[in-house]
Structures are given as C-alpha cells and as structure tokens.
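Chemist: Provide a 3D model corresponding to the input given below.
(2 chains)
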Amino acid sequence: MTVTEKVADNIAITCRGLKKVFVLRNTRSMKESVVWLLTGRKGDLSRKFDAIKDISLDVVQGETVALLGLNGSGKSTLLKLISGVLQPDGGKVQTRGRVAGLIEVGAGFHHDLSGRDNVYLNGAILGMTEKQIDAMFDSIVEFSEIGEFIDTEVKFYSSGMYLKLAFSIAVHTDPEVFLIDEILAVGDEPFQRKCIKKIKELAAAGKTLFVVSHDLDLVSTVCERGVLLEHGKVVMDGEVHAVVKELRRRSETSEHEL
Amino acid sequence: MTATKSELSTPGSGRGLLDVYSNRFLLKLLVRKEIKVRYRGSVLGLLWSYVKPLMQFMIYFVALGIFLNLQKATPNYAIYLFSGIVLVNFFTETLGNSTRSIVDNRDLIRKIYLPRELFPVSTVLVSAAHFLPQVVILVGASLIVGWTPSVLQLLAAIAAFIIVAILGMGLGLLFGAINVYFRDSENIVDMILMVVTWASPVLYVWTMARDALGPWFIVYQANPMTVAVEIFHWAFWYPTLGANQVGMVELPPHLLTLWLPVSLVVSLAVLFGGQFLFRRLAVHFAQEL
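Modeler: Predicted structure coming up:
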C-alpha cells in the first residue's frame, strides 16, 4: 500500500477523502425480486444514501475532539469507520495504536453471566489481555460501585448498575485512542460526575479522545477542538466553543424554517 | 507519557483465521460463555448433550437394528451405529450453530470490530466440547464388548475428527456469511443436515451404497463425512469383532492410503473457499445485519 501523503508521526487518526454510502434495500423477498425482473426492472429495488461525503480529517495524539452535528449528520457512521466496524466506500482511514470504542457500552454483555464473567468477556472484547484484566479487576469493580453484586447474574442488575459496570470496564481498557459515542449520560449524577472526571483524567494523561454527544455543555468542558458535521460533510473545524455556538445558531435557524 | 511508536494501520482489516489465533483469550471466553449459557436454567444442564444423542441412537437401533434386522448382518450393530452417530452429531452441531453464529452475535458485530471468524470458530470448539464426552461413552461401550484398537486406528480416528472439524468450519464460514444476506441459508443448512446422516454409511453398511450406486459410488466416497464415518467404524467398531465375525464384514478398500488424503484435501478446499467468501462478505456485515 502506498501512502500518497506524508503523515506526521504524531497523528492518531487520519481520514482522507472518506466516503460511505448506505444501500437501503426496500425488499429482499424472492417474490418481489422476481416480479421486479419480469416487469422490466422498473424502478429501483434499493435506494442509496450518502452518509459520509468526502471527509478529510487529522487528529493529533493527545487531542480531544468533539464531533458535533444534528441527527443524521453522519457522526456515528464516522466513528464506526474509525473503529473498523464499517469499511469506507471511498477514501482511506488510518489509526495509530490501539483504538477502543466506548460505543454503546455493554454491547458485549451477556445477561446470563455473572458480573465477574462479563468483566472478563467484555474486557477481552475491548482488546484487553488476561493479565491486564486480572490487574485491573479490583479497580474496575471499585469504580463501578457494584461491590458484592459482582457475582450476581447481570440480568438482575438495575439499568444503572449495568451501565456503571460497562462504563467502568470501558474506561479501564487503556487504549491510545478512545472513541466515545453518547455514553456520558451514565447512571445518576454523582456517577456521571465521576465519569466526566475520569474522562478528563484520560485527556490529561495524553489520550486521544473522539467524542460524539448531544450534550453541548458537557463536550465543551471536556474537549478542546470541535468538528461540525452536516449531511456527511465537515462544515466547521475549530475551537470547541466557537463550533458549539455555530451549531446552536444553525439549529435555531432550522427551527425558524419549520 | 511516551509517544507510541506503532505504525498507522487501517481499522477493520483482518487476516482472517490467523486473527483468531492472536485472540485466543477472547476465543476461550466465548467458548466458555457458550457452554455456560447453552443449558441455562435447565435442571439436567449439560446432561442434555447426552440424553439427545442417546435417544436418537435408541430410535435408530430399534427401528433399523431390530425391526429391519440390520443387526443380523452387522455384528455389534450398536457400536457400529453409535460410532457413526457421534461423528455426524458433531458435524451437524458445528454446521448448524456456526451458520447462525454471525446473525446471533449481531449486537456485537454491529458495534465493535472483532475478527468475525471468532464466532464460527468458537462454535466448532463448543461442539467439540460436547462431542468428547460422547466419545467417552463410545469408548466405554466398545471396551465392554472387547475393543482392542491398534495405535494406527486411534490416530486415524483423530484424523477423521479433524477432517470433520475442518469441513464443518469451512461450510460454517460459508453459510454463516451468506446467512447475513439471505436467511434462506439457515434452511438450506437444515436440509443438508437432514441429508448428511443418510449420505454416509451411518445407519447402513457401505457395501449397500456401493452395490446400488455403481459408478457413482466414487462421488459417495469422495464425501469427507463418508470417509470419516468409515474410519470411525474401522477404529471403534472393527476392533470389537471376534475372529469368527471379522469374516462377515467387508472394509472399504484404500481407506487410509487413498480416501483419507482425498477427504482431507476436499475439507481443506472447502475451508479455504469458505474463508475466502467469508472475508469478501465480512466487510459489509455491520451494515447488513
């Protein structure tokens, strides 16, 4: 693979001309497909939707970036492209070091396993080794405030406990790059403050953070840089407060249009 | 904080089955999870893994061995039957579960990048974990009727197991990947699983297939399942026969010298084909699920 552009050594994430098209198939039944073929292929069985149109973006190591935009602007898609869950249809995305997505915490939880088993399973899913989990285990349990319930099956947890444990595992995975999607609203207020404190610690420790959230006040305290997406394009990239202001202005004008 | 020296890499690009090896720890946990969760909330638990094959064995033994009197021409028909059934069960469980494994794990696949091969591979290992205790029963039953195998026969049995594992994994990757796009795949596999017990000499003797098929017998014999089942018969059933009974049975010719390598090659070809297609299709798993 040839790198066309020289990428600086301190780049954590780089996107070049990134494109993602979703094909929305209207039908998948045999009957409808046959009818469509026999009737001379009128109309389209699928619709295309450009979720990401030509995004180029560099994130330096240690930077804290907030990805902002209204619903459907392509934020989550971009995050999934960076984490490797989705593959781009054009352009290139590259990352340096271990990337962990705090994308939808608890995705790897199994309801019939105990909290302890789930810590190991989820830790491994997020890329930790057995030794790392062993070493972190007590710290994970302590942070989650689960205490004695760690050996109870997760299905008996309250939704707050569930999220706390999941978040606690995620922040202990210690990757170089953190992708965070809408999970800052975890648990009750004291726990939320604790999470935000933890995230700020990570940022202070030089971790790269890439945050998607609709909580604008929160992201502007955690992040330094803001990137505003609209219809799959970067429309603004700069200091976070300025970008938040711009987003607020845009959402107000779209309200007026209604 | 030391700067990371690691190179830039493209997220989500895997090396297929090789990645499974580097994620051994996760694989171990996934297998353990499956085994724990399979019989959750049931009183008999893991015992169901024995009850079901035993029931199946009884049905076939009563219907074919006693009613149709196959046990007359085949001495120790019970051992003959059971050694085939355990192997076919291993195959059906592997293929059935790995076909569903991708769709069943859609929550994970949609959110976190993992080498997707982990899921089909873990089902193969789970099936193996359910297969081994059945082999223990088989060995116990064989010993009771005077089983004296040679080392070569034991090695051949292990080879047969490996062939079935490779074949099951290869087909599992293939149908598991297709299942994401077309759920018809599950039903096709269900049909294959119905056929597989009868397409190998599990319930009857291979000479019946030879006499009926004529020149087509080559095709029948090229099926790795047929060869594996025949090897299991040779390893578990044949050594239980007494001197006066050995003359009654006819073994398939060139079983080890020709058919074992052929079935290994066929299984490996299926595995490579399955892995190739799986990698092609895996790119869009997250958005198709």
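
Chemist: going forward, measure contacts between C-alpha atoms and count neighbours the same way
Modeler: Fine.

Chemist: so for the residue most central in space within chain A, what's the pLDDT?
Modeler: Closest residue to the average C-alpha location of chain A: residue A:181 at 3.7 Å, with CA atoms, centre = their mean. You'll see residue A:181 listed with a pLDDT of 78.

Chemist: so it bridges to which residues?
Modeler: Counting by DSSP bridges, residue A:181 forms beta bridges with residue A:103, residue A:212.

Chemist: near chain B, which residues of chain A? Just list them.
Modeler: A:10, A:12, A:22, A:80-87, A:92-97, A:101, A:103-104, A:107-108, A:112-113, A:120-121, A:124-126, A:129-130, A:205-206 (CA under 8 Å from any CA of the partner chain).

Chemist: per-residue confidence for the residue in chain A that chain B sits nearest to?
Modeler: Of all residues in chain A, residue A:84 sits closest to chain B, at 3.8 Å by CA to the nearest CA. pLDDT recorded at residue A:84 is 86.

Chemist: let me see the backbone angles for the residue nearest to it when sequence neighbours are not counted.
Modeler: With CA to CA, 6 or more residues apart in numbering or on different chains as the criterion, residue A:84 has its nearest non-adjacent residue at 3.8 Å, and that residue is residue B:12. Dihedral pair for residue B:12: phi 80, psi 10, per degrees, to the nearest 10.

Chemist: and residue B:12, how many neighbours?
Modeler: 20 (other CA atoms under 10 Å in any protein chain shown).

Chemist: mean confidence for stretch A:60-78?
Modeler: Mean predicted lDDT for stretch A:60-78 stands at 88.

Chemist: returning to that earlier point: among the residues of chain A next to chain B, which are in helices?
Modeler: Those of the residues of chain A next to chain B mapping onto helices are A:80, A:81, A:82, A:83, A:120, A:121, A:124, A:125, A:130, per DSSP state H.

Chemist: now do the spatially closest residue to the last one that is not a sequence neighbour against residue A:125, distance only.
Modeler: Put plainly, it is residue A:130. Nearest non-adjacent residue to residue A:130, counting by CA to CA, 6+ apart: residue B:25, 6.9 Å away. Residue B:25 is 10 Å from residue A:125, where distance means CA to CA, to the nearest Å.

Chemist: looking at these two, which is more packed in?
Modeler: Neighbour count, other CA under 10 Å: between residue B:25 and residue A:125, residue A:125 has more, with 24 against 19.

Chemist: and that one, what is it in contact with?
Modeler: Residue A:125 makes contact with A:108, B:26, B:114, according to CA atoms under 8 Å, 6 or more residues apart in numbering or on different chains.

Chemist: highest neighbour count among those?
Modeler: Of the contacts of residue A:125, with other CA under 10 Å as the count, residue B:26 tops at 26 neighbours.

Chemist: residue 171 - how many residues pack around it?
Modeler: In the absence of a named chain, chain A is used. The burial count for residue A:171: 19, using other CA under 10 Å.

Chemist: oops, wrong one, chain B.
Modeler: Residues lying near residue B:171 (other CA under 10 Å) number 26.

Chemist: quick one, grab the pLDDT at the nearest residue to residue A:22 once chain neighbours are set aside.
Modeler: Distances taken as CA to CA, 6+ apart place residue A:49 nearest to residue A:22, at 5.1 Å, with adjacent residues excluded. pLDDT, residue A:49: 83.

Chemist: my guess is residue A:49 is in a helix, correct?
Modeler: No. Read with DSSP: H, G, I helix; E, B strand; the rest coil, residue A:49 is strand and lies in no helix.

Chemist: give the contact list for it.
Modeler: A:21, A:22, A:23, A:24.

Chemist: swap the cut-off to 10 Å and go again
Modeler: Residue A:49 makes contact with A:20, A:21, A:22, A:23, A:24 under the criterion CA atoms under 10 Å, 6 or more residues apart in numbering or on different chains.

Chemist: can you pull out the strands in the chain?
Modeler: Let's take chain A. For chain A, the strands defined by DSSP state E occupy A:11-25, A:46-60, A:64-68, A:90-96, A:99-103, A:177-181, A:208-212, A:225-230, A:233-239.

Chemist: that was the other one, I meant chain B.
Modeler: Assigned by DSSP E, the strands in chain B fall at B:8-9.

Chemist: for it, longest helix please?
Modeler: helix B:151-181.

Chemist: just to revisit the earlier point, dump the strands of chain A into JSON lines; add distance to residue B:56 as well.
Modeler: As requested, the strands of chain A are exported to JSON lines (distance: least, CA to CA, whole Å):
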{"stretch": "strand A:11-25", "distance to residue B:56": "43"}
{"stretch": "strand A:46-60", "distance to residue B:56": "46"}
{"stretch": "strand A:64-68", "distance to residue B:56": "58"}
{"stretch": "strand A:90-96", "distance to residue B:56": "53"}
{"stretch": "strand A:99-103", "distance to residue B:56": "45"}
{"stretch": "strand A:177-181", "distance to residue B:56": "50"}
{"stretch": "strand A:208-212", "distance to residue B:56": "54"}
{"stretch": "strand A:225-230", "distance to residue B:56": "60"}
{"stretch": "strand A:233-239", "distance to residue B:56": "60"}
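
Chemist: give me the pLDDT for residue B:79.
Modeler: Note on residue B:79: pLDDT of 93.

Chemist: same check on residue A:237?
Modeler: For residue A:237, the model assigns a pLDDT of 91.

Chemist: next: the one 5 residues further on.
Modeler: Note for residue A:242: predicted pLDDT of 91.

Chemist: how close does it get to residue A:216?
Modeler: Per CA to CA, residue A:242 is found 12 Å from residue A:216.

Chemist: ditto for residue B:278
Modeler: For residue B:278, the distance to residue A:216 equals 41 Å [CA to CA].

Chemist: which one's more surrounded, the two?
Modeler: Just comparing residue B:278 and residue A:216: by other CA under 10 Å the higher neighbour count belongs to residue B:278, 23 against 18.

Chemist: please name the nearest non-neighbouring residue to residue B:39.
Modeler: residue B:45 (5.0 Å).

Chemist: repeat for residue B:160
Modeler: The nearest residue in space to residue B:160 (CA to CA, 6+ apart) is residue B:228, at 4.6 Å.
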